[in-house]
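Participant: Provide a 3D model corresponding to the input given below.
(chains A, B, C and D)
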Protein chains: 4
Amino acid sequence: MMNVVVWNENRHEKTNSAVSAIYPTGIHGAIAEFLQEEDIQVKTATLDEKDHGLTDDVLSETDVLVWWGHVAHDEVKDEVVEKVQQRVLDGMGLIVLHSGHFSKVFKKLMGTSCDLKWREAGEKERIWVVDPTHAITEGLGEYIELEQEEMYGEHFDIPTPDELVFVSWFEGGEVFRSGATFKRGRGKIFYFRPGHETYPTYYNKGVQRIIKNAVNWANTSNTPRHVYGNAQALEKITEK
Amino acid sequence: MMNVVVWNENRHEKTNSAVSAIYPTGIHGAIAEFLQEEDIQVKTATLDEKDHGLTDDVLSETDVLVWWGHVAHDEVKDEVVEKVQQRVLDGMGLIVLHSGHFSKVFKKLMGTSCDLKWREAGEKERIWVVDPTHAITEGLGEYIELEQEEMYGEHFDIPTPDELVFVSWFEGGEVFRSGATFKRGRGKIFYFRPGHETYPTYYNKGVQRIIKNAVNWANTSNTPRHVYGNAQALEKITEK
Amino acid sequence: MMNVVVWNENRHEKTNSAVSAIYPTGIHGAIAEFLQEEDIQVKTATLDEKDHGLTDDVLSETDVLVWWGHVAHDEVKDEVVEKVQQRVLDGMGLIVLHSGHFSKVFKKLMGTSCDLKWREAGEKERIWVVDPTHAITEGLGEYIELEQEEMYGEHFDIPTPDELVFVSWFEGGEVFRSGATFKRGRGKIFYFRPGHETYPTYYNKGVQRIIKNAVNWANTSNTPRHVYGNAQALEKITEK
Amino acid sequence: MMNVVVWNENRHEKTNSAVSAIYPTGIHGAIAEFLQEEDIQVKTATLDEKDHGLTDDVLSETDVLVWWGHVAHDEVKDEVVEKVQQRVLDGMGLIVLHSGHFSKVFKKLMGTSCDLKWREAGEKERIWVVDPTHAITEGLGEYIELEQEEMYGEHFDIPTPDELVFVSWFEGGEVFRSGATFKRGRGKIFYFRPGHETYPTYYNKGVQRIIKNAVNWANTSNTPRHVYGNAQALEKITEK
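Facilitator: As a prediction, this is how the structure comes out:
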């Protein structure tokens, strides 16, 4: 059975009653709940726990990590960021949600600013499937509609995605590459745009389907472990 | 349970006793045999059957088609080629093996000449994993070694692969992109280089692992089915 | 100096006075005119000319071919289509505009249906740059706005583009991958979405800048010409 | 005229007479010399200069930076690394050579370990062109041969390249993705494998052609500069 850890900054929930009204058990709680409907072992971890809840033991047992952060990216300790990066390179899957685009973890794995346009205007978002072969789109229709969301607009300063799965249309006139995959080391990464804390986005069945699919897609196992460094020749080399 | 059809031209087996000695039930028979070890329903089809064994009924029930051909590509009827292409666009997986690079089916889906360098000299091939996150590499080590194979060398005139999974080293001095994936429509395609008819390549456990993995990887289901053509607006359009 | 041929079906211009009012010298005439502002030798060719104006001599001297077609795709002779495909594989650049997505030439090079959603409602299109490093975006701002255009919506049934350069937002609620590059053989291809015959799109300065940039980008020369077929070994092969 | 800075660690040249015998003006001197044959303004910079020769003024005027380092990656100051990264994101081209794969600059832009296999055995390397459309291959034949080089073997732990241009064959039995491009922000990056300090690799005409082509390819200018952050709506948003 797969082990998933849902990590959440969990700060808005403590200070903004509008957020805690929508997500009484936290954004992590809401995500953990629907993941548990699948054949998945789910734990949560939050910023204010010791080592942000991401001890060596927890990380080493995690197959896929889900990441939500926003106002406190800087409070995530660099040592933890490095351990998470290393685990991704060693094969742990990583699902980065919404404002997690600016997390230290995501920026370190991307190598770019990960900057974008944004607007909080409660506008409509329509998330179109552009890669219907992708496992992350299983069970979806042509698009998902979210009546109210924060806008994220291009240019999104990420490396060229390995796969572009979703593109968003926004009422205010922008577009966004809102579902994108990346491989780093032996790990698979999926960035998924929606999920502003003041909207009930993670209760949307389409959004839930996508995150479930993404967690399954990102879970790799038993893939080749390469040997690096000084290597003996496999064939005879002629002296010159 | 997944339905796989292994298609083989099955001509070398009829005219060359060296080939039929290696593959007494045909190349299709050998491939079908190891696929049956998995939880897969396997059938075979060959060139000289009616409609090459690929009737509408067979194709419509096939989740993944495996294709081996060499000396009789031109005898494959254009109507069948078009039906296979259409089924791939509709979501059927396709695994193209070795000399299938020059099949009508593969060339039609690629849009290029699919030409390459080749040499029959019984030389060593070492197939290196270059994408260790890929599901097709599960259970492999760093490389597979084939003591004797036909050489295929670059330039391989294919479109840029969606994913490059394997690169081959040849004793005679060439390299080849020997494992490559492509998406076409709702279907997933994997081209895999080795398998010359005069060598026992399809008995190699690594080669078998890769083809099993590829068949599983190419089997998509329940992905979005888009509507094409004239579309009603989803939002109000201002008259100008 | 580069040789460009602008090919146009040139049928709407003959039968629809609204179109000929916008494009009195034809869509090909309008495109040729702005390309001539650059250091480019420009010719035009149209469907009703002998060999559609694409004789062997013309094709062999063409560095980049621009293609616009719509209602008469089927009238383009298969021999000409095959010659154009071959020239692209041999290194000729190809710029496919708007309804050219359904041309025989483009479908043959893509291997897919190239189908899409469409609507003629005179709605607004905003074409966003998503790859600001690309030579095709030189001199542009963040986006181009077209007050009235035909809508093309996802899913666009093309192979994964080598590069995604533009994504369109439509007033009616759709998005579209409206600028995409593909490599086929030694040739470079750019598909660019806008240009419905009843709107003055090809007079838009941004659209003109993009097509000029694309023509320059697609013009390759002196790139490696590979040798295909039976090859001598470059290294000594040990007999087994 | 383009401004190129060739950066070299320049340590082997000071301590190893075999290296200084091959490169009397340093590796940077040899590279600068052949780049000056083109219409390029070339400067050099080395580790032991103030700010490693990469002051704000130098960086801000540099269109393309060439990077060679090996034994002293750790001595490159983090502030300089961050400035170089920022300049790449702002549009400066970057050509990373050979052992520069382990430089702080490259690892920061890639987000991976950039690890690989290696062996110093003076073996033969054959660098095959796998993308003959690419501007970096202009003027080359099918491959380049280097009689003696250090081996670098897969797995090369980099993100999926935007474009794979070259693949190397090594006498000792390995392959390597030896020419790969990446886009980061508004900047273009090319990694090119050969150039061990004890071999006269940078005097090879093919290697020189590739580096000249790469510098020209990486030089972007006047591409769109996006605005990030809080954005006004471009369309009217309906209050909900």
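
Participant: CA atoms for contacts and neighbours, from now on please.
Facilitator: OK.

Participant: where do the strands sit along chain A?
Facilitator: Using DSSP state E, the strands of chain A run over A:2-8, A:40-46, A:64-68, A:93-97, A:117-129, A:143-153, A:163-170, A:175-184, A:187-192, A:229-230.

Participant: residue contacts, the closest residue to residue A:120 other than its chain neighbours?
Facilitator: With sequence-adjacent residues excluded and distances taken as CA to CA, 6 or more residues apart in numbering or on different chains, residue A:120 is closest to residue A:150, at 4.7 Å. Taking CA atoms under 8 Å, 6 or more residues apart in numbering or on different chains as the criterion, residue A:150 is in contact with A:118-123, A:194, A:196.

Participant: which of these are buried?
Facilitator: A:118-119, A:121-123, A:194, A:196 (16 or more other CA atoms under 10 Å in any protein chain shown).

Participant: quick check, residue A:191 in contact with residue A:97.
Facilitator: Yes: assessed by CA atoms under 8 Å, residue A:191 is found in contact with residue A:97 at 6.1 Å.

Participant: chain B contacts on chain A?
Facilitator: A:91, A:129, A:132-135, A:137-142, A:183, A:185-188, A:220-227 (CA under 8 Å from any CA of the partner chain).

Participant: cross-check the residues you listed against chain C and keep the overlap.
Facilitator: A:129, A:142.

Participant: is it possible to mark the buried ones in the residues of chain A next to chain B?
Facilitator: Looks like those have A:91, A:129, A:132-135, A:137-138, A:140-142, A:183, A:185-188, A:220-221, A:223-226 buried, using 16+ other CA under 10 Å.

Participant: near chain C, which residues of chain A?
Facilitator: A:126, A:128-131, A:142, A:154-156, A:167-169, A:171, A:173-175.

Participant: what about residue A:234, how many neighbours?
Facilitator: 11 (other CA atoms under 10 Å in any protein chain shown).

Participant: now it: how far from chain C?
Facilitator: 14 Å (CA to the nearest CA, to the nearest Å).

Participant: centre-most residue in chain A?
Facilitator: residue A:96 (1.6 Å; CA atoms, centre = their mean).

Participant: you'd agree residue A:190 is up against residue A:177?
Facilitator: No: Residue A:190 is not in contact with residue A:177 according to CA under 8 Å; the separation is 11.9 Å.

Participant: do the helix ranked longest in chain A and chain D meet?
Facilitator: Using DSSP state H, we find that the single longest helix of chain A is helix A:205-218. No: using CA under 8 Å from any CA, helix A:205-218 stays clear of chain D, coming no nearer than 15.8 Å.

Participant: so which elements touch that helix?
Facilitator: helix A:26-35, strand A:93-97, strand A:187-192 (3 or more CA pairs under 8 Å, 6 or more residues apart in numbering or on different chains; DSSP states H and E).

Participant: and that helix, how far out from the chain's middle?
Facilitator: 11 Å (CA atoms, centre = their mean, to the nearest Å).

Participant: what angle do it and helix A:26-35 make?
Facilitator: Angle between the axes of helix A:205-218 and helix A:26-35 is 80 degrees (criterion: axes from the mean of the first three to the mean of the last three CA atoms, to 10 degrees).

Participant: mean confidence for helix A:205-218?
Facilitator: Mean pLDDT, helix A:205-218: 98.

Participant: in it, what counts as buried?
Facilitator: Of the residues in helix A:205-218, those buried (16+ other CA under 10 Å) are A:206-218.
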